[in-house]
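*Asks:* coords please:
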Amino acid sequence: MNDDIERAEILNQVAKRLGVSFTNFMLLDRALTHASMACEQDGPVSDYESLEFLGDAALSLAVAHTLFERAPGRTPGEYSRMRASVVSSRGLERVARRLALADAIRLGKGEEQAGGRNRSGLLEDCLEAVIGAVYLDQGWDAAQAFVQRVFEPELEDAIDSAGSWDYKSRLQHHCQALRIELPEFVLIRSEGPDHCKEFEVEVLLRGVPMGRGVGSSKKEAEQRAAREALQREQNCGETK
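*Replies:* Have a look, this model is predicted:
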């Protein structure tokens, strides 16, 4: 009985860290139970493996949806690279450690003695299982919101990384390669209150307007204008 009370308290603390009000705490318990516990108990033990499968799919969709909304207009390849950086093993481990999942995982004695609690792979699996548990208990909207919240630093890094986002630099390099004047970015308009401004920027190549972009910051608008200019330059090159 004491063990049950102690486990319930551990799960309550985990739920608070996750920011999720679970209806069925058995799902959370299952998400944090390793298969090695079968050696410790009589009868079948529900471990995280099936929930991990579900959580992996939910995570992938939630990240893809978020990137599609926050970084519109990217190519499928760019979206795939950004998503891969967010759901990488390193990213999953970072999030699992930030949420302090390790201490709440139930392990068999052998796995515990082998240092399983701190294995990166175990932490990644349990985090995906937790996402699966949130999805089953709270539904898709809550699961998506949970992923967006706990993966926020990884999502921001993916969107802001030079390799996936910096169209302005790419356009400048394009101009240098052609030995033409560098692009000129012109602010067309800036509207709205300080907390919700909208900027529109136009980019000129060889003195000719080649792209426009709108964004919640001048930088974002410039990036979108540069992307449009690059696409037009590419199209012109293909038709020559």
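
*Asks:* Outline the domain layout of the chain.
*Replies:* Taking automatic domain parsing as the criterion, the chain consists of the domains 2-161, 166-239.

*Asks:* In CSV, list these along with mean neighbour count and mean pLDDT.
*Replies:* C-beta coordinates here come from the backbone N, C-alpha and C atoms, glycine included. Listed next are the domains of the chain as CSV, based on neighbours: other CB atoms under 10 Å; pLDDT from 0 to 100:
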stretch, mean neighbour count, mean pLDDT
domain 2-161, 17, 89
domain 166-239, 15, 89
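
*Asks:* Next, residue 204: secondary structure please.
*Replies:* strand (DSSP: H, G, I helix; E, B strand; the rest coil).

*Asks:* Now the closest residue in space to it that isn't next to it in sequence, what are its backbone angles?
*Replies:* Leaving aside its chain neighbours, residue 204 sits nearest to residue 184 (4.4 Å; criterion: CB to CB, 6 or more residues apart in numbering). Residue 184 has phi and psi values of phi -110, psi 120 when expressed as degrees, to the nearest 10.

*Asks:* what does residue 56 give?
*Replies:* Backbone torsions for residue 56, taken as degrees, to the nearest 10, come to phi -60, psi -40.

*Asks:* In which helix or strand does the nearest residue to it once chain neighbours are set aside reside?
*Replies:* Using CB to CB, 6+ apart and skipping the chain neighbours, the partner closest in space to residue 56 is residue 128 (4.8 Å). Using DSSP states H and E, residue 128 falls within helix 120-138.

*Asks:* for that helix, packing partners?
*Replies:* Applying 3 or more CB pairs under 8 Å, 6 or more residues apart in numbering; DSSP states H and E, one finds that helix 120-138 contacts helix 25-31, helix 49-70, helix 89-98, helix 140-150.

*Asks:* rewinding a little: so the residue nearest to residue 56 makes contact with residue 52?
*Replies:* Yes - applying CB atoms under 8 Å as the test, residue 128 and residue 52 come out as touching, 4.6 Å apart.

*Asks:* coming back round to it: tell me the angle of the helix holding residue 128 relative to helix 49-70?
*Replies:* Comparing the axes of helix 120-138 and helix 49-70 via axes from the mean of the first three to the mean of the last three CA atoms, to 10 degrees yields an angle of 80 degrees.

*Asks:* Name the residues that touch helix 120-138?
*Replies:* 18, 20, 22-24, 27-28, 30-32, 34, 48-56, 58-59, 62, 89, 92-93, 95-97, 99, 101-102, 105, 116, 142-143, 146-147 (CB atoms under 8 Å, 6 or more residues apart in numbering).

*Asks:* With just CA atoms, put it into CSV.
*Replies:* The C-alpha trace of helix 120-138 is given here as CSV (Å, rounded to 0.1, in the frame of the first residue of the first chain):
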residue,chain,number,x,y,z
SER,A,120,19.7,8.3,-23.5
GLY,A,121,17.6,5.8,-25.4
LEU,A,122,15.4,5.0,-22.4
LEU,A,123,14.8,8.7,-21.7
GLU,A,124,13.9,9.3,-25.4
ASP,A,125,11.5,6.3,-25.4
CYS,A,126,9.8,7.4,-22.2
LEU,A,127,9.3,10.9,-23.5
GLU,A,128,7.6,9.6,-26.6
ALA,A,129,5.5,7.3,-24.5
VAL,A,130,4.5,10.3,-22.3
ILE,A,131,3.3,12.1,-25.4
GLY,A,132,1.3,9.1,-26.4
ALA,A,133,-0.2,9.1,-22.9
VAL,A,134,-1.1,12.8,-23.1
TYR,A,135,-2.7,12.1,-26.5
LEU,A,136,-4.9,9.2,-25.3
ASP,A,137,-5.9,11.0,-22.1
GLN,A,138,-6.4,14.5,-23.3
